[in-house]
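A.B. asks: predicted model, plus sequence, below.
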Amino acid sequence: MKMPLEKLFNRYTLSRTEAKDILGAISEGVFNSEQISAFLTVFRMRKISTEELDGFRDCLQERCVRVDLSEFDPIDLCGTGGDGKNTFNISTLASFVTAAAGYKVAKHGNYGVSSNCGSSNVLEALGYRFTNDTDVLKKQLDEIGICFLHAPLFHPAMKTVAPVRRNIGIKTFFNMLGPMVNPSAPDKQLVGVFSAELQRYYKYIYERSEKEYRILHSLDGYDEMSLTAPTKVIRPGSEQIVKPADLGVATLDPDSIKGGDTVASSAKIFLNVLQGKGSSPQNDVVLSNAALAINCYKPEVSYQDCKQEAEEALSSGKALNVFEKLIA
């Protein structure tokens with residue numbers, strides 16, 4: 001690692017192949033935790049290049065444990081994290097609402113690194129048992145409408161990196177890559193990103209695919225449609241600024257969508273929303289993100305109409321029922 005680190009500290013940029021090879025060597029245990037930590041830190045001190053991100057993505061995709069769920073045509077609702085906003089688990093809740101509205105969801109998630117509580121933390125705390133058994137995942141999708149893909153079970157190459165990421169506790173380029181390495185490679189995806197620059201990178205990658213996608217970045221920095229400001233939405237063939245009023249809701253105070261300080265308090269918020277005890281801002285932000293996910297299946301339908309569909313799924317108790325079935 002000494003030579004690559006020397007180059008990186010001297011502002012050298014890795015080629016796509018070099019980035020792929022170095023991350024592969026890290027995953028094979030060639031380097032120690034101090035060297036890995038130094039390597040990750042480099043990319044907080046300077047901008048990461050498209051070539052480097054492509055190489056890191058190539059490595060993760062090549063070493064991923066694949067699961068074919070294409071027969072269900074599922075959607076993934078996944079944010080990069082790393083926005084530093086400490087919201088509650090909006091995309092995970094929106095996933096259950098989307099599933100309750102009748103659309104199959106293959107949610108990709110992980111433990112929180114730069115946040116208090118990631119999707120894996122909250123689901124594990126509420127009793128969900130992670131699995132990478134394809135038959136089980138297919139059964140969940142078929143009978144319940146949703147399955148959860150816990151990233152460490154599908155990305156064994158990252159086993160050596162996980163403790164380092166936890167110890168340094170800041171966002172790294174792995175946050176940037178998370179949504180695009182879903183092991184089921186779904187054709188539909190709602191992606192939230194923490195910066196306008198990263199949104200452009202996702203556009204560059206996704207516009208070369210045949211996905212039906214919505215890439216979201218709130219103009220005040222959230223990696224989701226936060227409703228605290230207008231959100232830039234990139235979809236196949238177009239870009240637009242979506243205001244809270246476009247979804248029939250008022251602009252929210254950032255404090256109204258804060259998450260818990262602990263996993264337990266985050267889990268309580270999670271259950272409150274599903275049980276119909278969520279606040280209006282909490283409900284609005286969940287339903288708005290679910291609406292954009294539904295819109296991936298119905299691109300000709302307005303966001304407001306999609307939101308009404310999501311609202312029925314939550315207010316009727318269907319989303320809670322889907323959650324309870326998955327946990328059971």
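C.D. replies: The structure has been received and is ready for your questions.
A.B. asks: contacts for the one helix or strand Phe43 maps to?
C.D. replies: If you go by DSSP states H and E, Phe43 is part of helix 33-45. Applying C-beta atoms under 8 Å, 6 or more residues apart in numbering, the contact partners of helix 33-45 are 1, 4-5, 8-9, 22, 26, 31, 52, 160-161, 163-165, 167-168, 170-173. Quick note: C-beta positions are derived from backbone N, CA and C, even for glycine.
A.B. asks: switch to 10 Å and redo it
C.D. replies: 1-2, 4-5, 7-9, 11-12, 14, 22-23, 26, 30-31, 48-49, 52-53, 56, 160-161, 163-165, 167-168, 170-174, 176 (C-beta atoms under 10 Å, 6 or more residues apart in numbering).
A.B. asks: so which bits of it are buried?
C.D. replies: Across helix 33-45, burial judged by 16 or more other C-beta atoms under 10 Å covers 35-37, 39-40, 42-43.
A.B. asks: quick one: secondary structure of the nearest residue to Leu123 once chain neighbours are set aside?
C.D. replies: In space, and not counting its chain neighbours, Leu123 is closest to Phe148: 6.1 Å by C-beta to C-beta, 6 or more residues apart in numbering. For Phe148, the secondary structure call by DSSP: H, G, I helix; E, B strand; the rest coil comes out as strand.
A.B. asks: Ala229 too?
C.D. replies: coil.
A.B. asks: which secondary structure element contains the residue nearest the centre of the chain?
C.D. replies: Taking C-alpha atoms, centre = their mean, the centroid of the chain lies closest to Cys78, which sits 2.2 Å from it. According to DSSP H and E, Cys78 maps onto strand 75-79.
A.B. asks: quick check: angle from that strand to strand 146-150?
C.D. replies: Calculated by axes from the mean of the first three to the mean of the last three C-alpha atoms, to 10 degrees, strand 75-79 forms an angle of 50 degrees with strand 146-150.
A.B. asks: ok, residues contacting the helix or strand bottoming out on mean pLDDT in the chain?
C.D. replies: The least trusted helix or strand in the chain, going by mean pLDDT, DSSP states H and E, turns out to be helix 2-9, with a mean of 78. By C-beta under 10 Å, 6+ apart, the list of residues contacting helix 2-9 from outside reads 1, 12-14, 18-19, 21-22, 25, 31, 35, 38-39, 41-43, 45-46, 52.
A.B. asks: residues in contact with Ala106?
C.D. replies: By C-beta under 10 Å, 6+ apart, the neighbours of Ala106 are 67, 69-70, 72-78, 95, 99, 137, 140-141, 146-149, 182-186, 188-189.
A.B. asks: repeat that for Ile90.
C.D. replies: Counting by C-beta under 10 Å, 6+ apart, the residues that Ile90 touches are 77, 79, 192, 222-226, 257, 259, 273, 282, 285-286, 288-290.
A.B. asks: ok so, going back, please tell me how far the residue nearest to the centre of the chain sits from Glu6.
C.D. replies: Noted for Cys78: a distance of 35 Å to Glu6, by C-beta to C-beta, to the nearest Å.
A.B. asks: likewise for Glu52?
C.D. replies: 17 Å.
A.B. asks: same check on Ala38?
C.D. replies: From Ala38 to Glu6 the distance is 11 Å (C-beta to C-beta).
A.B. asks: same question, Gln189
C.D. replies: 38 Å.
A.B. asks: these two: which is more packed in?
C.D. replies: Gln189 (26 against 10; other C-beta atoms under 10 Å).
A.B. asks: how far off centre is the helix or strand where that one lies?
C.D. replies: Following DSSP H and E, one finds Gln189 within strand 188-192. Taking C-alpha atoms, centre = their mean, to the nearest Å, one finds strand 188-192 lying 8 Å from the centre of the chain it belongs to.
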